[in-house]
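**Q** Output the structure for:
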Amino acid sequence: MKGVLLMADKEIREGIRNRWVVAATLLLAALALTLAFLGAAPAGRVGAGALEVVVVSLSSLSIFLLPLIALLLSHDAIVGEAERGTLLLLLSYPLSRWQVVLGKFVGHVVILGFATLLGYGAAALALALSGQPIGSSAWQAFGAMLGSSVLLGAVFVALGILVSTLVRDRGAAAGIAVGLWLLLVLLWDMALLGVLVADAGQHLTSGAVDALLLLNPADAYRLFNLAGLADVRLLSGMAALGGGSGLAPALLLAGLAAWALLPLAAATALFARREL
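**A** Numbers count the residues shown, from 1 in each chain. Sure, this is the predicted structure:
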């Protein structure tokens with residue numbers, strides 16, 4: 001475990017040196033603060049301070065932004081080291097290959113988690129200091145959104161590391177990472193909508209639709225945050241879906257966790273067999 005922590009510390013230090021931590025934190029904080037005070041338009045009130053509105057806005061933003069940041073962080077985790085000639089140096093230390101992969105994963109998740117907690121937390125703190133009334137259910141929804149946002153980032157960090165172990169060129173890794181982002185964040189839902197319209201309720205059961213949603217981490221995250229709690233469901237317009245879906249919040253979180261662990265395990269196995 002010491003090797004994993006040393007590797008994670010190396011990644012965090014590089015993230016600080018390359019200004020990834022500062023850039024991601026400032027970007028998320030700026031967007032979160034903007035949405036906190038101007039993002040209540042979907043609820044019909046500009047400048048409203050309800051934390052539930054912020055949860056809806058930030059959840060919708062996170063689906064697009066956090067996976068992209070995570071993939072940018074992690075897509076060259078292995079192949080970048082190989083191209084720079086530092087991978088052999090790393091493996092000359094008393095580090096197992098699985099420790100290298102897991103350490104990089106932990107380091108990148110810590111960077112992304114720090115940026116998310118600090119950036120989004122700034123919006124909640126600003127709302128609290130402005131005197132807006134915030135109930136316990138709103139804080140619960142916000143805390144769930146923060147935790148699941150970090151988990152969503154971990155999913156795409158794991159996918160980025162998996163891509164990095166599969167290719168031997170950083171350009172190819174970047175291209176595949178962008179393709180993954182497009183597929184899971186944009187194209188999957190468009191294709192699913194097309195299938196549902198074409199099917200017209202004839203063959204696809206609600207269980208099949210739930211399974212298709214669970215197969216996409218972005219959809220699992222969206223359902224967990226926008227259809228999990230009653231107040232948020234009403235604001236997000238997903239009240240009907242939240243009541244009719246068979247996907248409980250615990251199942252959605254388990255799906256996200258599986259999406260993080262399985263690619264990480266695959267990356268570890270592939271890197272163990274990779275010829276240097």
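**Q** Tell me how far the closest residue to Ser62 other than its chain neighbours lies from Ser136.
**A** Take Ser62 and drop its neighbours on the chain: the residue closest to it by CB to CB, 6 or more residues apart in numbering is Ser149, 5.0 Å away. C-betas here are computed from N, CA, C, even on glycine. When distance is defined by CB to CB, to the nearest Å, Ser149 is 20 Å away from Ser136.
**Q** more neighbours, these two?
**A** In this view Ser149 and Ser136 are compared by other CB atoms under 10 Å, and Ser149 has more residues nearby, 26 against 7.
**Q** Contacts only, for the more buried one.
**A** Taking CB atoms under 8 Å, 6 or more residues apart in numbering as the definition of contact, the neighbours of Ser149 are 58-59, 62, 66, 116, 120, 221.
**Q** Looking at those, which is nearest Ala200?
**A** Taking CB to CB as the measure, Ala200 lies nearest Tyr221 of the contacts of Ser149, at 27.9 Å.
**Q** before we move on, which element is the residue found closest to the closest one once you drop the neighbours it is linked to in the chain in?
**A** In space, and not counting its chain neighbours, Tyr221 is closest to Leu152: 4.6 Å by CB to CB, 6+ apart. Secondary structure assignment for Leu152, by DSSP states H and E: helix 136-166.
**Q** ok, and for stretch 193-211, which residues are buried?
**A** Of all the residues in stretch 193-211, those buried under the rule 16 or more other CB atoms under 10 Å are 204, 209-210.
**Q** so after the helix or strand bottoming out on mean pLDDT in the chain, what's the next helix or strand?
**A** Within the chain, confidence by mean pLDDT, DSSP states H and E is lowest for helix 239-244 among all helices and strands, at a mean of 48. Per DSSP H and E, the first helix or strand lying C-terminal to helix 239-244 is helix 249-273.
**Q** in that next one, what's buried?
**A** Per 16+ other CB under 10 Å, helix 249-273 contains these buried residues: 249, 251-253, 255-256, 259-260, 263-264, 266-268, 270-271.
**Q** What is the most widely separated pair among the residues you listed?
**A** Within these (distances taken as CB to CB), the two that end up farthest apart are Pro249 and Phe271, at 33.5 Å.
**Q** re earlier: just the ones of the contacts of Ser149 in helices?
**A** In helices, judged by DSSP state H, the following of those are found: 58-59, 62, 66, 116, 120, 221.
**Q** CSV please, covering the residues you listed and showing pLDDT and distance to Glu11.
**A** CSV is the format used below for the ones in helices among the contacts of Ser149 (pLDDT from 0 to 100; distance: CB to CB, whole Å):
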residue, pLDDT, distance to Glu11
Leu58, 85, 26
Ser59, 85, 27
Ser62, 88, 22
Leu66, 92, 18
Thr116, 91, 17
Tyr120, 89, 22
Tyr221, 91, 24
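**Q** For the residues you listed, work out which two are farthest apart.
**A** Farthest pair in these (CB to CB) is Tyr120 and Tyr221. Separation: 14.0 Å.
**Q** Could you look up the SS state of the residue sitting furthest away from the middle of the chain?
**A** What lies farthest from the middle of the chain is Gln202; by CA atoms, centre = their mean that is 33.7 Å. When classified by DSSP: H, G, I helix; E, B strand; the rest coil, Gln202 comes out as coil.
**Q** If you count neighbours, what's buried in the helix holding Leu152?
**A** In terms of neighbour count (16+ other CB under 10 Å), helix 136-166 has its buried residues at 138, 140-142, 144-146, 148-166.
**Q** start to end distance for stretch 169-189?
**A** From its first residue to its last, stretch 169-189 covers 30 Å (CA to CA, to the nearest Å).
**Q** where does Ile134 land in three-state SS?
**A** Under the three-state scheme (three-state DSSP), the conformation of Ile134 reads as coil.
**Q** Kindly apply the preceding question to Gly131 instead.
**A** Reducing the assignment to helix, strand or coil with three-state DSSP, the entry for Gly131 is coil.
**Q** I'd like to know how many residues surround it.
**A** Using other CB under 10 Å, Gly131 is surrounded by 8 other residues.
**Q** dump the residue contacts of it.
**A** Going by CB under 8 Å, 6+ apart, the list of residues near Gly131 is empty.
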